[in-house]
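Peer 1: With the input below, show me the fold.
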Amino acid sequence: MTITLTLPAGLERRLARQAAADGTTVEAAAVALLEKAAPPEKTFEEAAAAIHAAFAASGRTDEEIDADLAEALEEVRAEKRARREGRA
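Peer 2: Below is the predicted model of the structure:
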């Protein structure tokens with residue numbers, strides 16, 4: 001994809017200095033900055049990996065974890081009901 005951008009003069013100079021310091025082109029420096037600003041989205045598996053690892057490291061059974069999650073869900077639902085009824 002080709003995009004044409006009009007940069008303020010000061011920004012253009014800073015970008016050119018950064019590119020020169022990095023030994024790259026202005027275009028490559030701009031792409032690198034945009035990659036940092038808009039990183040690729042994680043897959044569900046990547047996003048859930050840390051949670052899965054924590055559960056696995058806990059040494060708890062699936063049934064114990066399921067019970068804890070069900071209890072937490074019920075607590076959240078009870079808090080929502082209480083707020084709706086003006087008790088919180």
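Peer 1: Dump stretch 30-46 to CSV, restricted to CA.
Peer 2: C-alpha atoms of stretch 30-46 as CSV (Å, rounded to 0.1, in the frame of the first residue of the first chain):
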residue,chain,number,x,y,z
ALA,A,30,8.3,5.8,9.3
VAL,A,31,7.2,2.2,8.7
ALA,A,32,8.9,1.1,11.9
LEU,A,33,7.2,3.8,13.9
LEU,A,34,3.8,2.9,12.4
GLU,A,35,4.4,-0.8,13.2
LYS,A,36,4.9,0.2,16.9
ALA,A,37,1.8,2.4,16.8
ALA,A,38,-0.5,-0.2,15.2
PRO,A,39,0.9,-3.6,16.2
PRO,A,40,-0.8,-6.7,14.7
GLU,A,41,-3.8,-8.1,16.6
LYS,A,42,-3.2,-11.2,18.7
THR,A,43,-5.0,-14.4,17.9
PHE,A,44,-7.3,-15.7,20.5
GLU,A,45,-4.8,-18.4,21.3
GLU,A,46,-2.0,-15.8,21.8
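Peer 1: any idea of the mean pLDDT in the helix or strand hosting Leu73?
Peer 2: Assigned by DSSP states H and E, Leu73 belongs to helix 62-84. Averaged across helix 62-84, pLDDT comes to 94.
Peer 1: what about dumping the CA coordinates of that helix to CSV?
Peer 2: The C-alpha trace of helix 62-84 is given here as CSV (Å, rounded to 0.1, in the frame of the first residue of the first chain):
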residue,chain,number,x,y,z
ASP,A,62,-10.3,-28.3,35.8
GLU,A,63,-13.3,-28.9,38.2
GLU,A,64,-11.8,-26.7,40.9
ILE,A,65,-11.1,-23.9,38.4
ASP,A,66,-14.6,-24.2,36.9
ALA,A,67,-16.1,-23.9,40.4
ASP,A,68,-14.0,-20.8,41.2
LEU,A,69,-15.1,-19.2,37.9
ALA,A,70,-18.8,-20.1,38.5
GLU,A,71,-18.5,-18.6,42.0
ALA,A,72,-16.9,-15.4,40.6
LEU,A,73,-19.6,-15.1,38.0
GLU,A,74,-22.3,-15.4,40.6
GLU,A,75,-20.6,-12.7,42.7
VAL,A,76,-20.5,-10.3,39.8
ARG,A,77,-24.2,-11.0,39.0
ALA,A,78,-25.2,-10.4,42.6
GLU,A,79,-23.3,-7.1,42.6
LYS,A,80,-25.1,-6.0,39.4
ARG,A,81,-28.5,-7.0,40.9
ALA,A,82,-27.7,-5.1,44.1
ARG,A,83,-26.7,-2.0,42.1
ARG,A,84,-29.9,-2.2,40.0
